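[1] what would the 3D arrangement of this be:
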Amino acid sequence: MSGGTLAALDIGGTKIAAALVDADGTVLRRGRVPTPAGGGPAVLAAAAGLLDGLADGPLRALGVGAPGVIDPATGRVVSATDVLPGWAGTPVRETLADLTGLPVTVVNDVRAMAYGEAQAGAGTGFHRVLHVSVGTGVGGALTTGGDLDHGAHGTAGELAHLLVPERGPVPCGCGRRDHLEAVASGPAIAATGDAPRAGTLLGRALAGLLAVLDPDAVVIGGGVAQIGPPYLDAVAAAFRAEALPPLRATPIVPARLGTDAPLAGAALLAGAALHAGSTSHGSAR
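    The predicted model follows:
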């Protein structure tokens, strides 16, 4: 991949983060603003304004990590929860290409995190990796050979809606309380004060999921992972107790890039897409 500065946006329900990133995935500059109300147009206008204030020279391409199920071919939000009201149906790629004049690549935010970790973080050195992000919600993604595996419908590796045998203290983003997100997310831990229990439930879910996916490693990131041993040790112990014998030695490792992971991943995806000639170009400013 040729050199030059890439731009990245990480769009969330409460904040929008932007960064300038080099060709190796190192974040050079960062900025953030609160996510405005008003749906997709207001959010994307704020994102473009944040990036404009951060840029200090020409940029090669823009990568965007965004919530919801994203059509990787068009960069449009196929579906989304109420975490970001009015977000479903937003043409993220087309709108930001017009606002910034840059080639734009859009991917789900957890997949952006996964790509960052696979290319420049804890996933390097492993071929097939299940990436787990636990924060306000529970998300997941798969990478193979450092590249994203989207699946047939863009949901490969998704964890939030796995059924669990108990009722959670908070609803999943879809509204149900018998899903993994309802018992293992940050809000669930805040409601119960029991991080080890949440870790145990995630570990049990991983034991079943790894029997299907059989990755070389699991990388766990997101805000909840910052709790550290009380949480991560519970995940690992429950997984080892429930997993099939051949799977018990599968490494479960913490993410390495922290909050930079989705920014680095989105930027690197934009660089890779630019190199492959598959990005969407807007009109020059």
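
[2] next one: phi and psi at the closest residue to H161 other than its chain neighbours?
    Excluding the flanking residues, the one nearest H161 by CB to CB, 6 or more residues apart in numbering is H179, at 4.9 Å. Backbone N, C-alpha and C define where each C-beta goes, glycine included. With angles defined as degrees, to the nearest 10, H179 sits at phi -110, psi 160.

[3] beta partners of H179?
    L163 (DSSP bridges).

[4] pretty sure it contacts L162?
    Yes: the pair H179 / L162 is scored as a contact, 6.5 Å apart, by CB atoms under 8 Å.

[5] so which strand or helix has R32?
    Element membership for R32, per DSSP states H and E: strand 27-34.

[6] and G123, by the same measure?
    Counting by DSSP H and E, G123 is part of no helix or strand.

[7] tally of neighbours for it?
    Neighbours of G123 under the rule other CB atoms under 10 Å: 29.

[8] and the pLDDT at it?
    Per-residue confidence (pLDDT) for G123: 96.

[9] so it sits against V132, correct?
    No: judged on CB under 8 Å, G123 makes no contact with V132 at a distance of 11.4 Å.

[10] joint contacts of the two?
    Jointly contacting G123 and V132 under the rule CB atoms under 8 Å, 6 or more residues apart in numbering are V219.

[11] and the strands in this protein?
    In the chain, the strands defined using DSSP state E lie at 6-11, 15-21, 27-34, 62-66, 69-70, 77-79, 104-108, 128-134, 138-144, 147-149, 217-221, 252-254.

[12] give me the low-pLDDT residue ranges for the stretch 101-250 of the chain?
    Nowhere does the stretch 101-250 of the chain drop to pLDDT under 70.

[13] again, only using 80
    Within the stretch 101-250 of the chain, the segments meeting pLDDT under 80 span 153-154.

[14] that one: helices as residue ranges?
    For the stretch 101-250 of the chain, the helices defined by DSSP state H, counting those that start in this stretch cover 109-120, 180-184, 186-192, 195-213, 229-242.

[15] and of these, who's closest to A267?
    A267 sits nearest to helix 109-120 of all the helices of the stretch 101-250 of the chain, at 8.3 Å, using CB to CB.
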